[in-house]
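> Using only what follows, build the 3D model:
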Amino acid sequence: ALGNHSFGLLILFLALPNAIPGPIIPGFSVPFALGIILLSIQIVRGHRRPLLPSWLRRRAMKRERFRRFVARADPLLRRFERWFKPRPARFLRRREERPRAFGLILIVFALVLALPIPLGNGPEAFAICVLGLGMFEGDEKVQSIGIAFGLAATLINVAIVVAGVQIFTHATKLLG
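Just a heads-up that it's a prediction; the model follows:
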């Protein structure tokens with residue numbers, strides 16, 4: 001029902017569990033990252049709406065439960081709509097290239113999200129959430145902000161890995 005906006009909503013829902021601080025569970029981010037990658041591949045291939053498995057498409061929400069959800073979400077969505085609106089960014093010259101570029105960037109960010117890096121998933125997931133919100137609202141400026149956050153989060157992950165390797169190298173020299 002949401003058309004191409006459903007990509008953003010699904011990506012947001014898949015990234016959100018990793019953006020919320022909680023206990024560190026090894027491998028927790030992998031299934032969510034794989035879901036984001038599968039959706040991103042569809043974006044790169046030019047699909048207008050997500051192709052979901054039939055068992056998922058058959059799932060339905062009872063009307064009353066959906067009404068309660070909308071009633072609770074409506075005030076939050078109204079606040080978001082003050083900041084988010086369909087705005088083009090100067091990210092790429094040709095408009096038809098933008099979704100594919102964002103899809104490729106999402107694949108890279110999801111791959112980083114899947115890595116077992118302590119304290120590295122939160123910032124990467126937050127960046128993917130911002131990208132998902134921008135996609136949902138059709139706000140390419142917000143998507144550009146999400147890309148900037150994602151690049152920063154990726155650099156944080158690289159720094160964590162480099163620091164870990166350095167600590168391990170120095171510890172083995174001291175003990176060996």
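
> okay but Gly27 is in contact with Pro116, surely?
Yes: with contact defined as Cβ atoms under 8 Å, Gly27 counts as touching Pro116 (7.1 Å). In short, each C-beta sits where N, CA and C put it, glycine included.

> Looking at the two, which is more packed in?
Shown here are Gly27 and Pro116; by other Cβ atoms under 10 Å, Pro116 has more neighbours (12 against 8).

> For the closest residue in space to the more buried one that isn't next to it in sequence, give its distance to Phe84.
Once flanking residues are discounted, Pro116 sits nearest to Pro26: 5.9 Å by Cβ to Cβ, 6 or more residues apart in numbering. Distance, Pro26 to Phe84, using Cβ to Cβ, to the nearest Å: 34 Å.

> Look at the two and report which has more neighbours.
Counted by other Cβ under 10 Å, Pro26 and Phe84 do not tie: Phe84 has more neighbours, with 17 against 8.

> Tell me where the model's unsure across this structure.
Residues of the chain that meet the criterion pLDDT under 70 lie in 1-5, 56-58, 61, 66, 69-70, 73, 76-77, 80-81, 89-97.

> Check the secondary structure at the residue nearest to Pro116 for me.
coil (DSSP: H, G, I helix; E, B strand; the rest coil).

> I'd say it and Ala114 touch.
No: if you go by Cβ under 8 Å, Pro26 and Ala114 don't touch, sitting 11.7 Å apart.

> what residues are shared contacts of these two?
Shared contacts of Pro26 and Ala114, defined by Cβ atoms under 8 Å, 6 or more residues apart in numbering, are not found at any residue.

> Next one: the closest residue to Ile24 other than its chain neighbours from Pro23, what distance?
In space, and not counting its chain neighbours, Ile24 is closest to Pro118: 6.4 Å by Cβ to Cβ, 6+ apart. As for Pro118, its distance to Pro23 is 12 Å (criterion: Cβ to Cβ).
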